[in-house]
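Asker: Pasted the sequence and its predicted model underneath.
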Amino acid sequence: MRGYSFRYFLAEGFKGLWRNGFMSLASVAVLTSCLIVLGAFSTLVANINFNLELIGSVNQIVTFLEPELTDEEILAIRDNILAMDNVSDVKYISKEDAYNSEKEKYSEYPELFAKLENDNPYNASLVVTYVNVDQVPTLQYNLNQIDGIYKISYRSDIAAGIRNFKNTVIFVSLWFLILLLLVSLFVIINTINIAIFSRRQEIGIMRYIGATNWFISVPFIIEGVLIGLISAAIAFVVDWNVYRYIESVIGSDIKFIMVMPFSQLMWMLVGSFAVIGFLCGAIGSLISLQRYMKA
Amino acid sequence: MRGYSFRYFLAEGFKGLWRNGFMSLASVAVLTSCLIVLGAFSTLVANINFNLELIGSVNQIVTFLEPELTDEEILAIRDNILAMDNVSDVKYISKEDAYNSEKEKYSEYPELFAKLENDNPYNASLVVTYVNVDQVPTLQYNLNQIDGIYKISYRSDIAAGIRNFKNTVIFVSLWFLILLLLVSLFVIINTINIAIFSRRQEIGIMRYIGATNWFISVPFIIEGVLIGLISAAIAFVVDWNVYRYIESVIGSDIKFIMVMPFSQLMWMLVGSFAVIGFLCGAIGSLISLQRYMKA
Amino acid sequence: MIEFSKVKKVYPNGTVALDNVSFYVGDAEFAFIVGASGAGKSTIAKLLLREEKVTAGQLVVNEMHLNDMPDRVVPYYRRQIGMVFQDFRLFPNKTVYENVAFAMQVVGEPARNIRRRVPALLDVVGLSDKLKRFPDELSGGEQQRVALARALANNPKVIIADEPTGNIDPQMSMEIMNLLVKINKNNNKTVLVVTHEKALVDYFQKRVITLSEGHIIGDRIGGMFE
Amino acid sequence: MIEFSKVKKVYPNGTVALDNVSFYVGDAEFAFIVGASGAGKSTIAKLLLREEKVTAGQLVVNEMHLNDMPDRVVPYYRRQIGMVFQDFRLFPNKTVYENVAFAMQVVGEPARNIRRRVPALLDVVGLSDKLKRFPDELSGGEQQRVALARALANNPKVIIADEPTGNIDPQMSMEIMNLLVKINKNNNKTVLVVTHEKALVDYFQKRVITLSEGHIIGDRIGGMFE
Ligand SMILES: Nc1ncnc2c1ncn2[C@@H]1O[C@H](COP(=O)(O)OP(=O)(O)OP(=O)(O)O)[C@@H](O)[C@H]1O
Ligand SMILES: Nc1ncnc2c1ncn2[C@@H]1O[C@H](COP(=O)(O)OP(=O)(O)OP(=O)(O)O)[C@@H](O)[C@H]1O
Ligand SMILES: [Mg+2]
Ligand SMILES: [Mg+2]
């Protein structure tokens, strides 16, 4: 083959984009819309997970210590626990701390605590903060092995409830994200399909004057890729600005929600938009062209 | 005008649908996809709200009673509270009940409760279950007015947290639903726009042989409506079956989530699908046709 | 009655397709329009259908001034004109029968009349065995004849045929031209035929309007192709 | 070299467009194909381009059997044929220049050659002032001439022109036909011209193959239109 140049194909791709203005616009509009929704939903899911992580990190196990332990022994146990897997923090609560905090909680019954003042029935405890709720049984077992700990208290019902809640939220949102992704891909490829369908005559003429399939296809695919990348860029800018706006609103109004900084999501968004835009454009064109590629 | 009949237009609409097979299919595919996502998400939102209502309904206010009240007086107070707005239930907890439940909770300190056995420091209380969290301040005020109640305890921080959480979830999901709806409408109308664009020559010829704008438009609009209704029907069947499947999975696996019975959502779905399908088809066609309707 | 007075037509890209064109064709008159490729013949047809608007000058058809005709009147005006387009303009999604029937449906003709007239018309142009075909299943000449049948469907007062025999063999061309002449004579219709077929023009000895580069350079009754 | 042996063509809807058609056109030969509308002339052209496949019989062009030609060879085969389609088939989204240039880009012609040859070709068909126009900004005859220029672009071994003068005035028609005759003589190309213009056929006194209802009913060298 003599003069086939990439420059020629690129020029043809751009020309096609420009001359089929309406169709290109329509395709970009659909692709952009789908990407905006996908981006919005995936940043939402990311934020939900982020906030759920925060909920998860308050989970704790309380270990009650034998009353006769010395300060050094307690410190040793503390170091021992800290060295375990899945433990992020260990906090010491002395007999007096425990008594005071209970007394505060039950301020309705001052007479009760007055009686106990000189005969503190509470035990010192170590509050163990764990990382991963799934590995709590192992941790419980390990804690039980330690001498000097006579009892561990773990509200496994609450923990299970939180875990169930988190799992359900993640499950539902991921499935919905997948549904959204599939539908978007379908809609996008369908749109490109329509755009190419509307040019089937053009493709037919090309074939009749002796153009090979790849020679016909390459400009269409480049056109598709351009549409994909343009859409990705627009969708990114839109999602970015919307995110920043929401961030500023939530940051000032709703105190108990943490919004992930956009910088943490940016590369995920840029990357997935670019990939989806590129692949949808290319693969959509390729699939749609197949039908017109019999000799 | 002599022989314009609705039958003619209906027949033309059906013919157009059939003869433009590819475009009709593509339009139905896009519309159906969008409706499926919309339906899935709105049933999801409905279920989230439903489950949040359930969370809301465990909120309670504890009112502590003066120790010297007789049983009749307590009953009178109880009836008094039950008659108030925003109260769904009032439960009586006697001194003994309170002591036993506390004793159980602090089974680590048996010696403590042994000492208290004959000198129960707890008070009897009435646990008031309210309906609407937003009207709790009024309820608190009213409860405070009652003679015989010496203290009311309301964890307003937790209640506020739950309320905030509910509001945020509803806020986010409604906004996302709106985004989804807008994008779907845009994509659907865009698709119909493309479908009609691909037939602009046909429209041009009609105009050149003296067809009036409405004569040209009516069959296209009927075609659009048919596409809308077909899509609505398909999307409904898909969402219905997926819902039933998820219902059966969640019903057996995840105990702490309530799935709304489909019958409660069905008419909302049928109605909104039919309306969206119909309007998108009709309005989409109408808008798209405008452009080709200069004489 | 068709009257061009000093008509000028400039296309958006700047091409001057017609310049200072004036001529008058009376009711029930028959005229050929001839001229080289690109002379402006189809432009005249497009102006008459109000597919295009004149840039300057006056164009009056049947007492109607096309220049300031309101858009909503245009469809009703177009129904008075039967047009054979140079590029046929058949509906690709309608059968031969439906293509012709549609023109009658447009004017609200009762279904009964349509069922009677369409097959008769298609018989005249020799296509009675191809009623159910779609345009892309027809030969070039067959498509052209469907276009002619459609133009005649509503008994229009004015018939404009742009190269109606461009894809048709000499014998059938003669038949078609005879048909148009007959319609002109017997039914008192105004007929304008754009053609480049010298033989036909010379044979019929009708009025011949000759265009060249957007100007009228000849207008002779009983004329010959020049 | 073109050889039809007992070729039959039945379209999917059952129309028998050609039946038992056999003829041979040698290298560097010139032939007219004439016949009534719907006789099967365009079908012959479509078979030669392998736009359609024969239903029965053999079709051989330049030693290649079209019946069992693999799909991937077809584009390369088509490049040897310069086709003027009856309905032009120009790219609506390409300018006149690009329409012709595209045919050369397809075969990988260097840009330099394209820039030289395309304007020259368009000059030959009298369109050198309309290079930047899109097809819908051209008159019917102008479109037809673009189609001709494109068919000639790659110096094909075989030129098939389906009604190349259907929309063109007599003088320009004569020029075009002279051009085809010249290409046939000087460059030793095989040329097939489908036409219904009796005057041209009679004037050139070339071989005339006459079709009627899918059959060959005449094949005479130095023939006249019948
Ligand atoms: N839509 C358009 N935009 C720009 N220029 C046009 C347009 N249509 C026609 N022209 C130009 O106007 C001139 C007259 O065109 P017209 O179609 O009237 O010619 P014609 O006499 O019908 O020719 P032919 O016999 O080839 O059909 C030509 O030079 C043509 O290139
Ligand atoms: N795609 C098709 N499907 C079905 N029938 C067809 C198709 N194309 C052509 N025909 C039929 O085949 C016959 C021959 O058609 P063809 O186009 O070869 O005629 P032609 O000789 O070129 O006529 P013309 O001079 O009118 O162009 C005609 O009867 C036509 O109706
Ligand atoms: Mg013309
Ligand atoms: Mg033909």
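Answerer: Arrived safely, thanks for sending. Since this is a predicted model, take the numbers as computed values, not measurements. Numbering: from 1, shown residues only, chains lettered A, B, ... in the order given. Ligands and ions are numbered 1, 2, ... in the order given.
Asker: Okay, the nearest residue to residue C:51 once chain neighbours are set aside and residue A:285: tell me how far apart.
Answerer: Leaving aside its chain neighbours, residue C:51 sits nearest to residue B:208 (6.1 Å; criterion: Cβ to Cβ, 6 or more residues apart in numbering or on different chains). No exception for glycine: its C-beta is placed from N, CA and C like everyone else's. Residue B:208 is 34 Å from residue A:285, where distance means Cβ to Cβ, to the nearest Å.
Asker: residues in contact with the residue nearest to residue C:51?
Answerer: By Cβ atoms under 8 Å, 6 or more residues apart in numbering or on different chains, the residues touching residue B:208 are C:49, C:51, C:78, C:83, C:85, C:89.
Asker: Take the residues you listed and keep only those in strands.
Answerer: residue C:83 (DSSP state E).
Asker: Go through the contacts of residue B:208 and say which is closest to residue A:269.
Answerer: Nearest to residue A:269 among the contacts of residue B:208, counting by Cβ to Cβ, is residue C:89 at 49.0 Å.
Asker: Run a quick neighbour tally on that closest one.
Answerer: When neighbours are counted by other Cβ atoms under 10 Å in any protein chain shown, residue C:89 registers 20.
Asker: ok, now which ones touch it?
Answerer: When contacts are counted by Cβ under 8 Å, 6+ apart, residue C:89 touches B:204-205, B:208, C:147.
Asker: Please repeat the previous calculation with a cut-off of 10 Å.
Answerer: The neighbours of residue C:89, taking Cβ atoms under 10 Å, 6 or more residues apart in numbering or on different chains as the test, are B:201-202, B:204-205, B:208-209, C:83, C:99, C:135, C:143, C:147, C:150.
Asker: Of the residues you listed, just say which sits nearest to chain D.
Answerer: The nearest member of the contacts of residue C:89 to chain D, counting by Cβ to the nearest Cβ, is residue C:143 at 8.6 Å.
Asker: what's the nearest residue to the residue nearest in space to the middle of chain C if we skip its chain neighbours?
Answerer: Nearest residue to the geometric centre of chain C (Cα atoms, centre = their mean): residue C:160, 2.0 Å. Once flanking residues are discounted, residue C:160 sits nearest to residue C:192: 4.7 Å by Cβ to Cβ, 6+ apart.
Asker: list the helices and strands the helix or strand where the one you found lies packs on?
Answerer: Of the helices and strands defined by DSSP states H and E, residue C:192 is found in strand C:190-194. The helices and strands touching strand C:190-194, judged by 3 or more Cβ pairs under 10 Å, 6 or more residues apart in numbering or on different chains; DSSP states H and E, are strand C:16-25, strand C:30-35, helix C:41-48, strand C:81-84, strand C:158-162, helix C:170-187, helix C:198-204, strand C:207-212.
Asker: Pairing partners for the last one, with directions?
Answerer: So that's strand C:207-212. Applying DSSP bridges, strand C:207-212 is found paired with strand C:30-35 (parallel), strand C:215-220 (antiparallel).
Asker: any weak-confidence spans in chain C?
Answerer: Applying pLDDT under 70 to chain C flags no residue at all.
Asker: most distant residue from the middle of it?
Answerer: residue C:112 (26.7 Å).
Asker: any chance you could map the strands in the stretch 101-250 of chain A?
Answerer: A:125-130, A:149-153 (DSSP state E, counting those that start in this stretch).
Asker: which stretch among those comes nearest chain B?
Answerer: strand A:149-153 (6.6 Å).
Asker: Tell me which residue of chain C lies closest to ligand 4.
Answerer: residue C:140 (4.1 Å; Cβ to the ion).
Asker: Only the buried subset of the contacts of residue C:89, as a PyMOL command please.
Answerer: To isolate the buried subset of these in PyMOL, counting by 16 or more other Cβ atoms under 10 Å in any protein chain shown, use the following:
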select buried, (chain B and resi 202+205+208+209) or (chain C and resi 83+99+135+143+147+150)
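Asker: Quick one: neighbours of residue A:286, just the number.
Answerer: 17.
Asker: Contact partners for it?
Answerer: A:189, A:192, A:196, A:217, A:220-221, A:224, A:293.
Asker: how does it look with 8 Å?
Answerer: A:217, A:221.
Asker: circling back: you'd agree the residue nearest to the centre of chain C is up against residue C:42?
Answerer: No. Counting by Cβ atoms under 8 Å, residue C:160 does not reach residue C:42; the two are 10.1 Å apart.
Asker: hey, which helix or strand in chain A has the poorest pLDDT?
Answerer: helix A:110-116 (a mean of 63; mean pLDDT, DSSP states H and E).
Asker: Give me the contact status of stretch A:144-153 with chain B.
Answerer: Yes. Using Cβ under 8 Å from any Cβ of the partner chain, stretch A:144-153 reaches chain B at A:151, A:153.
Asker: Keeping just the C-alphas, turn that stretch into PDB.
Answerer: Only the C-alpha atoms of stretch A:144-153 are listed here, as PDB (Å, rounded to 0.1, in the frame of the first residue of the first chain):
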ATOM      1  CA  ASN A 144      -9.000 -14.200  76.100                       C
ATOM      2  CA  GLN A 145      -5.600 -15.900  76.100                       C
ATOM      3  CA  ILE A 146      -4.000 -13.000  78.000                       C
ATOM      4  CA  ASP A 147      -3.500 -13.500  81.700                       C
ATOM      5  CA  GLY A 148      -4.800 -10.600  83.800                       C
ATOM      6  CA  ILE A 149      -7.900 -10.100  81.600                       C
ATOM      7  CA  TYR A 150     -10.800 -11.700  83.400                       C
ATOM      8  CA  LYS A 151     -13.600 -10.800  80.900                       C
ATOM      9  CA  ILE A 152     -14.100  -9.200  77.600                       C
ATOM     10  CA  SER A 153     -17.200  -7.400  76.500                       C
END
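Asker: For it, the averaged confidence score.
Answerer: For stretch A:144-153, mean pLDDT is 81.
Asker: Could you pull out the buried residues of that stretch?
Answerer: A:146, A:148-149, A:152.
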